[in-house]
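> here is my input; please provide its structure:
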Amino acid sequence: MLTTRYVTGAPNWIDVGTSDIDGAAAFYADLFGWRFQPGDPEVGGYGLFQLGGRTAAGGMQTTPEQGPPSWTVYFQVPDADAAAKAAEQARGSVPMQPMDVLDLGRMAVLADRAGVSFGLWQPGRNKGLDVVQEHGSLCWVELYTADVPAAAAFYHSVLGLETVGVEFPGGTYTTFVPAGEPEDAMFGGVVALADDPVEEEAYWLPYFEVTDPDTIVARAEERGGTIRTHATDLPGVGRLAKLADPYGARFAVIRSEPQA
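So this is what the prediction gives:
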């Protein structure tokens, strides 16, 4: 389970790059109750999405040259430079070299062997998101890839992540667990593209916890979002749906089943 007791390899930040930050802020406010707090010029206008005064995500306006609108998942590391070097040695790449963000922390953007982008966050004054697992906040992440074993090996090399297979009706779901943590510390999974009828490219998909997925789906569509999959029950997991915001950034929502 994802918590704010961040450990090496666990997701500790998430942000959206979008072609219209004001429009995105209005969209996510309607869905999750977020309030956008724009950043100062010294951080390029990068702002924070607040949920009841706690940071649930970050966001900023991006240009077409920076890529299409998308969510980026960041993973905690004690040394961003060492992790970037490990990614290169594991046949990944470093599109954005490690850099300090004031005294808040040190960040980098990497890409795995399949070209999937993800971030690193080495905490400084900012330790990570203030809220997870609650309505309107991050609760799970999922990697789609053509080669699950290769992806597992890459993220083990770079972030120390271990994989654990979870049995469910119809097959086995591969989950990620930070090194040295118990199995219930799993925070995400990895799925073969060939096994999913909706996904066509490799990427990281964030899931946000919600109390009523059906209402969120309807609200997203009303406000210009795209329904990628309608709300569906998955036994033992919860009720979930895949969406995209009006600018194309993909995400999912879920009402998780309580775990025993």
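
> which stretches of the stretch 101-250 of the chain have low pLDDT?
Filtered on pLDDT under 70, the stretch 101-250 of the chain yields no residues whatsoever.

> which residue ranges of it form helices?
148-159, 213-222 (DSSP state H, counting those that start in this stretch).

> helices and strands around the longest one, which ones?
Of the remaining helices and strands, those touching helix 148-159 by 3 or more Cβ pairs under 8 Å, 6 or more residues apart in numbering; DSSP states H and E are helix 80-89, strand 137-145, strand 162-168, strand 171-177, strand 188-192. Heads up, the C-betas are built off the backbone N, CA and C, glycines and all.

> so of the ones you listed, which one's packed in deepest?
Of all the helices and strands packed on helix 148-159, strand 137-145 has the most neighbours on average by mean count of other Cβ atoms under 10 Å, namely a mean of 24.

> tell me the pLDDT at T72?
Looking at T72, its pLDDT reads 98.

> and it, how many neighbours does it have?
T72 has 19 neighbours, counted by other Cβ atoms under 10 Å.

> ok, what's across the strand from it?
Here T72 sits in beta bridges with D15, as judged by DSSP bridges.

> quick one: it and I14, what's the gap?
7 Å (Cβ to Cβ, to the nearest Å).

> then R228?
From R228 to I14 the distance is 18 Å (Cβ to Cβ).

> and the helices of the stretch 101-250 of the chain as TSV, adding distance to A179 and mean neighbour count?
Below are the helices of the stretch 101-250 of the chain laid out as TSV (distance: least, Cβ to Cβ, whole Å; neighbours: other Cβ atoms under 10 Å):
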stretch	distance to A179	mean neighbour count
helix 148-159	8	19
helix 213-222	32	17
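
> nearest to W204, of these?
Nearest to W204, of all these, is helix 148-159, at 10.6 Å by Cβ to Cβ.

> may I have the closest one as PDB, with CA atoms only?
Coordinates of each C-alpha in helix 148-159 appear next as PDB, following Å, rounded to 0.1, in the frame of the first residue of the first chain:
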ATOM      1  CA  VAL A 148       7.600  -7.400 -18.200                       C
ATOM      2  CA  PRO A 149      10.800  -9.300 -17.200                       C
ATOM      3  CA  ALA A 150      13.000  -6.600 -18.900                       C
ATOM      4  CA  ALA A 151      11.100  -3.900 -17.100                       C
ATOM      5  CA  ALA A 152      11.300  -5.700 -13.800                       C
ATOM      6  CA  ALA A 153      15.100  -6.000 -14.200                       C
ATOM      7  CA  PHE A 154      15.500  -2.400 -15.100                       C
ATOM      8  CA  TYR A 155      13.600  -1.000 -12.200                       C
ATOM      9  CA  HIS A 156      15.400  -3.400  -9.900                       C
ATOM     10  CA  SER A 157      18.800  -2.100 -11.100                       C
ATOM     11  CA  VAL A 158      17.800   1.600 -10.800                       C
ATOM     12  CA  LEU A 159      15.400   1.700  -7.900                       C
END
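
> okay, angle between that helix and strand 137-145 too, please.
120 degrees (axes from the mean of the first three to the mean of the last three Cα atoms, to 10 degrees).

> got a list of contacts for helix 148-159?
Outside of helix 148-159, the residues that reach it under the criterion Cβ atoms under 8 Å, 6 or more residues apart in numbering are 8-9, 75, 77, 83, 86-87, 89-92, 110, 112-114, 143, 145, 161-163, 174, 176, 178, 190-192.

> lovely, talk soon.
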